[in-house]
Each structure stands twice: as structure tokens, then as C-alpha cells.
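**Q** Any chance you can model this:
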Amino acid sequence: MNDAPSTYTVFAGSRRLARGSLEEILRATKKKLDAAPDLTVLIFEDRTGRQVDFDFRGTADEVVARALPPPEPERVGPGRPKLGVVSREVSLLPRHWEWLERQPQGASAALRRLVEEARKREPDRERAREARAAASKFMWVMAGDLPNFEEASRALFAGDHPAFVKLVKAWPVDVRRHLDELLHEGGAAKADA
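**A** Residues are numbered from 1 along each chain as shown. The predicted structure follows:
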């Protein structure tokens with residue numbers, strides 16, 4: 001849904017150490033770990049809320065080189081690689097295949113059109129849903145044993161932002177701040193919700 005570059009956030013306990021691009025947080029985290037080798041960090045991909053791990057052995061340049069994906073080789077075979085088209089398997093019922101085969105420009109073009117139409121129909125709602133899902137994943141790791149976790153989780157998915165804010169008020173400030181940023185950036189935090 002969101003084609004912007006991913007950002008990442010690093011926590012040591014309940015304290016946020018860094019937030020930024022993958023390279024920025026890797027370099028900042030490497031510097032912190034070199035200064036305090038016993039420091040334990042958790043790194044989250046902000047768009048998904050997923051916890052990610054990296055190998056911090058070696059120099060900062062080596063850490064970054066290992067973590068950044070290598071450039072993709074030019075594909076040979078099905079698909080239209082210059083457009084970024086990737087061939088994958090899709091399972092559909094026979095009536096769906098029959099409908100797709102009757103579409104002008106073929107099944108693949110029809111599927112691409114359907115996906116693009118769905119993406120455009122309610123982009124704000126989809127962004128808010130993704131933001132709540134990311135916040136939830138982050139919450140499970142960072143706040144799963146904090147007071148009011150279950151109630152806050154219910155308020156999050158009910159879209160009751162005022163109740164959510166009230167329920168997380170006693171949580172560590174950096175955890176609250178990060179949740180607030182995830183929800184506001186995704187449009188899932190509305191004052192009138």
C-alpha cells in the first residue's frame with residue numbers, strides 16, 4: 001500500500017535509541033553496541049511493526065553491507081522484468097479463470113487492474129488498518145505484560161483512539177510516543193474516533 005521507503009526503530013528496554021532508514025539505524029545501533037557491548041536491542045520495521053534482527057559483527061560498513069539487499073539480477077523468463085512484473089502462482093476457482101480469460105488484454109492485465117482499483121478505492125482506510133496492525137505487533141513485544149494491555153488492544157482495533165490513549169497513559173514514554181507516531185503516520189489516530 002505504502003511505497004515510501006521503510007523506516008526502522010531501535011529500542012533498548014523501553015527506551016528508543018534511534019529511528020530512521022535501515023542504514024541510519026544500523027550505523028547508530030552499531031555505535032551504541034560498540035560503546036556498550038552488553039546492551040540488548042530490539043529493532044522494528046515501522047510499516048509492519050515486525051521485529052527484525054541483524055548481525056552486528058564487524059565494522060558498521062560490514063553490518064550495512066550484510067543487511068541491505070543486493071541489487072536484483074535481471075530476470076529471464078516469464079513476466080515483464082523491466083516493469084517490475086513478477087510471475088507467481090495464483091489459485092482461483094474455474095469460474096474465476098473463465099471470467100479472466102474473457103477479459104481484454106488477458107488475465108494478468110485484468111488482475112493488475114482489479115488490484116489497482118482496490119488500492120485506490122479506500123487508501124486512507126487501508127493505511128489506517130495497516131497502521132493498527134503494525135502498532136499491535138509492536139505492542140505485543142514491547143507492552144504485552146504492561147497494565148491495560150488487553151483493553152488497549154481492544155480499543156486500538158475498535159478505533160477508539162481516546163480510550164486507547166487513556167489506557168496506555170502509564171506505559172513508558174518512548175513506547176507511547178512510538179505507538180502514537182505509528183498511528184498518526186498511518187492515519188489511524190483520529191481525535192474524534
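
**Q** Show me what the longest helix seen in the chain is in contact with.
**A** In the chain, taking DSSP state H as the definition, the longest helix is helix 123-143. For helix 123-143, the surrounding residues in contact (Cβ atoms under 8 Å, 6 or more residues apart in numbering) are 1-2, 11, 14, 42, 44, 46-51, 119, 149, 152-153, 156-157, 159, 168, 171, 175, 178-179, 182-183, 185-188. Any C-beta I mention is one placed from the backbone N, CA and C, and that applies to glycine too.

**Q** Show only the entries of those found in helices.
**A** 119, 149, 152, 153, 156, 157, 175, 178, 179, 182, 183, 185.

**Q** Just the buried subset of the contacts of helix 123-143, please.
**A** 11, 42, 44, 46-47, 49, 149, 152-153, 156, 168, 171, 175, 178-179, 182-183, 185-188 (16 or more other Cβ atoms under 10 Å).

**Q** doesn't residue 13 make contact with residue 39?
**A** No. Judged on Cβ atoms under 8 Å, residue 39 makes no contact with residue 13 at a distance of 9.2 Å.

**Q** Would you map out the domains in the chain?
**A** 8-67, 81-121, 123-185 (automatic domain parsing).

**Q** Return the set of buried residues in the longest helix of the chain.
**A** 126-139, 142-143.

**Q** Out of the residues you listed, the closest to residue 22 would be?
**A** residue 134 (16.2 Å; Cβ to Cβ).

**Q** Report pLDDT for the closest one.
**A** pLDDT, residue 134: 96.

**Q** what's the angle between the helix or strand of the chain with the lowest mean pLDDT and helix 123-143?
**A** When each helix and strand of the chain is scored by mean pLDDT, DSSP states H and E, helix 106-121 comes last, with a mean of 84. For helix 106-121 against helix 123-143, the angle by axes from the mean of the first three to the mean of the last three Cα atoms, to 10 degrees is 80 degrees.
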